[in-house]
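Colleague: compute the structure for the input listed below.
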Amino acid sequence: MTAVKEPGRSLMIACMNGTASEEEKAEYKARYMEPEEKIYGKAVFEMTAKEFLEYNVLRENMQSGKLKYGDCPKCKNKGYIVGIDSAGNEYMEDCECKQKRENMEALNHSEYSALLRRCTFERFTLKEDWQREVLSRCKDWTKQTRFPLLYLGGKTGAGKTHLAVAAFRIAVMRGNHGQFVSWRTMSRDLKMNMTSPDYERKIREMKYVPLLLIDDLFWTAKGGIPSDEDFRLAKEIIDARFYNKRKTIVTSNYTPRDMYTLSEEMSGRINEFSGGRNNYSLTFRSNYQNYRFSTELFETKETDGIPF
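Modeller: Numbers count the residues shown, from 1 in each chain. As a prediction, the model looks like this:
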C-alpha cells in the first residue's frame, strides 16, 4: 500500500466508524474516493447495505482478468460477470466470451492449429481483381445469416483453403463450435466403417455440428469421377445441414459450373444453400503462380484477437 493511500484508508475507517468530522468526510470525498465510488456516485460510508452490495458488484465487474484470445469489454477478460438477482442476492454467471475462448483453445491444440494461425483474411495475398472479390465475399459471409453455406471451388493452389480457414476461424471466434475435416480422410473412414457402431455417431456429428469445414469435397486419388458412394455420403451430410441451417464451409477442385456438370442435384442444393454465384458460391481462378507456394514465403505472426 502506498503512502498516499494510507491516509485515505485511515480516513475512510474513521468515516465508517462515525468518528470523522464533516470536514474529514469532505476531505475523503475530495482526495481519496476510489474510481468505483466516483462511478457509483457515493462514498462507501454513505451507502446503505443494498447500495454497498451494488457497489461491490460494480467493483468486481470492473476488475480485469488475464484470459487469452481477445479483449472482452463485458467481463474484462475474466470469463464471468457478477450480478444481483430479484431477491437481492449476488450471483455469478459465465460471460458469453467463455465459450469462444474454449473453442479457440481446443482448436489451438488440434492438428490444424498452425493452419488456423497462418490463414487469416489479413494474410490473403491480393494480386488480381478476382482475389479481392472472393476475399470480400468470404468476409461478408461471416457477417450474414441468410445463407449458411460458403462454397469455394477451383483448381489446387488458388487459395481456397486459406480463405475457408479464415472464415472458419472467425465463425469459431464468434462462438460457433466447429469441426474441420478433410473429405479424403472423412469419406474413407466413413465408407470403411459403415457397419461399425461408431458410424451413426460419426455421420451424425458431420450432419449436425454447428459449424463444419469440409476441405477438398469429392477429392479422388487419381483425379477421377467420384463414386456413387461419395455422392450418397455428400448428399446425406449436405442435405441434413441444409434443412437444419447449419453453418458449412466447403472447398473443392470443382467450380460451381463443374459441379453442375458433375451432378445437377448436388449443384442445385449448393446453389440454394449458398445463394448461388451472386452470393457465396465462389469460383477461384487458376493463378499463374501457385498460391500455396507463395504464401509459404511470408513470415507468420501469432494473433489471437477475437471480434467481440
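
Colleague: show me what contacts Asn279?
Modeller: 137, 147 (Cβ atoms under 8 Å, 6 or more residues apart in numbering). For glycine as for every other residue, the C-beta is placed from the backbone atoms N, C-alpha and C.

Colleague: at 7 Å instead, please
Modeller: Residues in contact with Asn279, defined by Cβ atoms under 7 Å, 6 or more residues apart in numbering, are Phe147.

Colleague: that one belongs to a strand?
Modeller: No: read with DSSP: H, G, I helix; E, B strand; the rest coil, Asn279 is coil and lies in no strand.

Colleague: pull up the gap between it and Gln144, please.
Modeller: 9 Å (Cβ to Cβ, to the nearest Å).

Colleague: quick check: which ranges of the stretch 151-300 of the chain have low pLDDT?
Modeller: Counting by pLDDT under 70, the ranges of the stretch 151-300 of the chain that qualify are 286-300.

Colleague: just the strands in it please.
Modeller: Ranges of strands in the stretch 151-300 of the chain, per DSSP state E, counting those that start in this stretch, are 178-182, 211-217, 247-252, 281-284.

Colleague: okay if I get those strands as a markdown table plus mean neighbour count and distance to Arg132?
Modeller: A markdown table is the format used below for those (neighbours: other Cβ atoms under 10 Å; distance: least, Cβ to Cβ, whole Å):
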| stretch | mean neighbour count | distance to Arg132 |
| --- | --- | --- |
| strand 178-182 | 18 | 25 |
| strand 211-217 | 23 | 23 |
| strand 247-252 | 25 | 19 |
| strand 281-284 | 22 | 12 |
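
Colleague: wait, which of these is closest to Gly159?
Modeller: Across the strands of the stretch 151-300 of the chain, Gly159 has its closest neighbour in strand 281-284 (6.4 Å, Cβ to Cβ).

Colleague: quick one: contacts of the closest one?
Modeller: 134, 137, 151-154, 158-160, 255-256, 270-271, 274.

Colleague: now with 6 Å?
Modeller: Applying Cβ atoms under 6 Å, 6 or more residues apart in numbering, the external contacts of strand 281-284 come out as 134, 137, 151-154, 158, 160, 255-256, 271, 274.

Colleague: what separation do you get for the residue positioned nearest the centre of the chain and Glu102?
Modeller: Nearest residue to the geometric centre of the chain (Cα atoms, centre = their mean): Met173, 1.5 Å. Per Cβ to Cβ, Met173 is found 11 Å from Glu102.

Colleague: likewise Leu211?
Modeller: With the distance defined as Cβ to Cβ, Leu211 ends up 14 Å from Glu102.

Colleague: swap in Val57?
Modeller: Distance of Val57 to Glu102, computed by Cβ to Cβ: 25 Å.

Colleague: next one: Leu282
Modeller: To Glu102, Leu282 is 31 Å away according to Cβ to Cβ.

Colleague: repeat that for Ser64.
Modeller: Remark: distance between Ser64 and Glu102 (Cβ to Cβ) = 20 Å.

Colleague: who's more crowded, the two?
Modeller: Taking other Cβ atoms under 10 Å, Ser64 and Glu102 do not tie; Glu102 has more neighbours (15 against 10).
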